[in-house]
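Engineer: curious how this folds, go ahead:
(2 chains)
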Amino acid sequence: MGLRLFNTLSRSVENFVPRDPRGTKVDLYCCGPTVHNFAHIGNFRTFVFADLLRRYLEFKGYEVRHVMNITDVEDKIIKGVSASGAGLTDYTRRYEAAFLEDFRALGGLLPHHMPRATEHIREIIGLIENLLGQELAYRASDGSVYFSIEKYRAAGHRYGQLLNLNFDAMRVGERVSADEYDKESVADFALWKARVADDGAVSWPSPWGEGRPGWHIECSAMSMKWLGTSFDLHLGGEDLIFPHHEDEIAQSEGAGLQAPGERFVKYWLHAAHLQVDGKKMSKSLGNFYTLRDLLAKRFTGREIRSLLLTAHYRAPFNFTLENLAGARTALGRLDECFAKLREIAGETKAAPNEKVLAEFTAAMDDDLNVSAAWGGIFDWVRELNRSLEAAKVTAAEASAALATWQRIDQVFGVGQKPDAEAPPEISALLEKRQAARKAKDFKLADAIRAQLKTAGWIIEDTPKGPRLKRP
RNA sequence: GGCGGGGUAGCCAAGUGGUAAGGCAGGGCUCUGCAAAAGCCUUAUGCGUCGGUUCGAUUCCGACCCUCGCCUCCA
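Structural biologist: This next block holds a predicted model:
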């Protein structure tokens, strides 16, 4: 069985068949961050999901082209820029760098291309000109350009591919901002926003006057530039389904650049929101954790990543520090097991355990069922631990298990805990304690253990002698 | 109001028309000078509620309840 994924277009799980006639190349676009602040881990859930899919596709042998845009011009950014007095680029690059640093800490593989909106103004203007030429867009008196949903539909397109839209029942217009009074219809959306005084220096020349791109158009322009006018996978958070992705489809298919019979995107995938105490984690509710908050609480990127990878991407997931601590313990079990196996394996090489990999693949093929995959892994680890306990593991078996984990971790990307080298003074204390134990001076031995614990090291006495661990 | 997800143990979370994976936490035991780690055992007659179909439903159907989200700022 091959990979199956839930496509928002059909609202059902479909067989994944790449557009590539040879079936090897896969193009993946994920709507990236708006760099106006530090991203919170709810934001990162989506990016970790995209990373997981990219890694799994690579695991399956596909050649993946992964593009994630950086939205570096937008209302909140402009507010931030004028508040900070910095230039647009100075302002956004700082948060972009922070984002990439955080993403790396979470074990994310960098996308192959990370186009910035401000560096694609020409492509954006070109696309808007195309839409104006087809009369799917219109100029407002203030110099803004809007997309006309009515004309788009009149041209035979369907608006509402990703969700059922009931135009009569929509509470449309409740939050129409004052600068959009010039729209022909409240449902229309901005392709180009004419410059207003509050924009400060943030504007670009265009055939319609100074201004800046609307939000949706940048993703259409950049995805089509880097992946072509039709591509396989487009990902994002579930809140982007409407209007962002619906509008992307409208612009991109309205522009009519696709080959006959081809769509803009074949598979749309959306990640559910992270929740905190049962509520959506969001900046506006203030109930969010940034990665930095969690690192400050001494959690690690791999622990956070592994927690994000315990739940299916389409299910809401309640984020708690308690569960994060649980993820740490669970990873610790894996670390322990593999550390023991490494001691046994030595330099022996062996091929991975195909049965374990087959089970893993079956779970992941099923719309990235990570929970089932982890279930299989922990069953396997229990078996390994039993064999280890009985001292029945050969070097070849240990090596095979390690090779298996290496393959799996190519997808999960939680890695292995780096071996901590104890500094000389710590080793000296350890030896002192061993001497005390030999002399049956357990009071002194326990005192030294307590001292080491304060210094951040935990002692485990094993038949082979004591081992030092960092908690 | 419209639309779309969810409701499975203390906390997370898979799954199936035939009697509930896995993780964390908790309890017992083994091992240990004591710990730690690891292992074994243990923790849901129950899968939101009520009906229906069926030999049998947590799984299918219907109604309802609760909850989260989207409805033009949003991962």
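Engineer: contacts for the least confident helix or strand in chain A by mean pLDDT?
Structural biologist: Within chain A, confidence by mean pLDDT, DSSP states H and E is lowest for strand A:279-280 among all helices and strands, at a mean of 80. The contact list for strand A:279-280 (CB atoms under 8 Å, 6 or more residues apart in numbering) reads A:G42, A:H273, A:L274, A:L285, A:N287. For glycine as for every other residue, the C-beta is placed from the backbone atoms N, C-alpha and C.
Engineer: out of those residues, which end up buried?
Structural biologist: A:G42, A:H273, A:L274, A:N287 (16 or more other CB atoms under 10 Å).
Engineer: which of those sit farthest apart?
Structural biologist: A:H273 and A:N287 (11.6 Å; CB to CB).
Engineer: joint contacts of these two?
Structural biologist: In contact with both A:H273 and A:N287: A:M281, using CB under 8 Å, 6+ apart.
Engineer: for A:P33, give me phi and psi.
Structural biologist: The phi/psi pair for A:P33 (degrees, to the nearest 10) reads phi -80, psi 150.
Engineer: what confidence value was assigned to it?
Structural biologist: Note for A:P33: predicted pLDDT of 94.
Engineer: so it makes contact with A:T71?
Structural biologist: Yes. Counting by CB atoms under 8 Å, A:T71 is a contact partner of A:P33 at 6.9 Å.
Engineer: ok and the residue in the stretch 101-250 of chain A nearest RNA strand B?
Structural biologist: Proximity of the stretch 101-250 of chain A to RNA strand B (CB to the nearest atom of the strand) peaks at A:G237, 2.0 Å away.
Engineer: now A:L257: how far from RNA strand B?
Structural biologist: Plainly put, A:L257 is 23 Å away from RNA strand B if you go by CB to the nearest atom of the strand, to the nearest Å.
Engineer: what's that residue in contact with, if anything?
Structural biologist: So A:L257 contacts A:N130, A:M224, A:T229 (CB under 8 Å, 6+ apart).
Engineer: can you lay out these as TSV showing distance to A:A105, pLDDT and neighbour count?
Structural biologist: Output for the contacts of A:L257, formatted as TSV (distance: CB to CB, whole Å; pLDDT from 0 to 100; neighbours: other CB atoms under 10 Å):
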residue	distance to A:A105	pLDDT	neighbour count
A:N130	40	96	16
A:M224	31	97	22
A:T229	35	96	18
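Engineer: where do the helices sit along the stretch 101-250 of chain A?
Structural biologist: Secondary structure of the stretch 101-250 of chain A by DSSP state H, counting those that start in this stretch: the helices cover A:121-133, A:149-154, A:215-227, A:246-254.
Engineer: check which helices and strands the second one sits against.
Structural biologist: The contact analysis (3 or more CB pairs under 8 Å, 6 or more residues apart in numbering; DSSP states H and E) places helix A:149-154 against helix A:246-254.
Engineer: now the angle from the helix it packs on to helix A:121-133?
Structural biologist: With axes from the mean of the first three to the mean of the last three CA atoms, to 10 degrees as the basis, helix A:246-254 and helix A:121-133 are set at 70 degrees to each other.
Engineer: what about helix A:246-254, distance to the chain center?
Structural biologist: With CA atoms, centre = their mean, to the nearest Å as the basis, helix A:246-254 stands 24 Å off its chain's centre.
Engineer: could you list the residues in contact with that helix?
Structural biologist: A:127, A:131, A:134, A:136, A:147, A:149, A:152, A:155, A:157, A:159-163, A:189, A:191, A:216-217, A:219-220, A:223-224, A:229, A:234, A:258, A:263-265.
Engineer: which PyMOL command selects the buried ones in these?
Structural biologist: In PyMOL syntax, the buried subset of the contacts of helix A:246-254 is picked out as below (16+ other CB under 10 Å):
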select buried, chain A and resi 127+131+136+147+149+152+157+159+161+162+189+191+216+217+219+220+223+224+229+234+258+263+264+265
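Engineer: which ones are touching A:D441?
Structural biologist: By CB under 8 Å, 6+ apart, no residues touch A:D441.
Engineer: ok, the least confident helix or strand of chain A: who's next to it in the sheet?
Structural biologist: For strand A:279-280, the paired strands and their directions (DSSP bridges) are strand A:274-276 (antiparallel).
Engineer: what is the rounded mean pLDDT of the strand it pairs with?
Structural biologist: The pLDDT scores in strand A:274-276 average 86.
Engineer: my guess is A:S206 meets A:G126, correct?
Structural biologist: No. Between A:S206 and A:G126 there is no contact under CB under 8 Å: 10.6 Å.
Engineer: neighbour-wise, which of the two wins?
Structural biologist: Taking neighbours as other CB atoms under 10 Å, A:S206 and A:G126 compare with A:S206 leading, 21 against 14.
Engineer: pLDDT score for that one?
Structural biologist: pLDDT recorded at A:S206 is 96.
Engineer: number of nearby residues for the nearest residue to it once chain neighbours are set aside?
Structural biologist: Closest residue to A:S206 in three dimensions, ignoring its sequence neighbours and counting by CB to CB, 6 or more residues apart in numbering: A:I125, at 5.4 Å. A:I125 sits with 22 neighbouring residues when counted by other CB under 10 Å.
Engineer: my read is that A:I125 contacts A:P207, right?
Structural biologist: Yes. The pair A:I125 / A:P207 is scored as a contact, 7.1 Å apart, by CB under 8 Å.
Engineer: any low-confidence regions in chain A?
Structural biologist: Filtered on pLDDT under 70, chain A yields the residue ranges A:1, A:166-182, A:418-420, A:471.
Engineer: show me what the longest helix along it is packed against.
Structural biologist: Ranked by residue count and defined by DSSP state H, the top helix of chain A is helix A:321-345. Taking 3+ CB pairs under 8 Å, 6+ apart as contact, the helices and strands that helix A:321-345 lies on are helix A:301-308, helix A:370-389, helix A:395-412.
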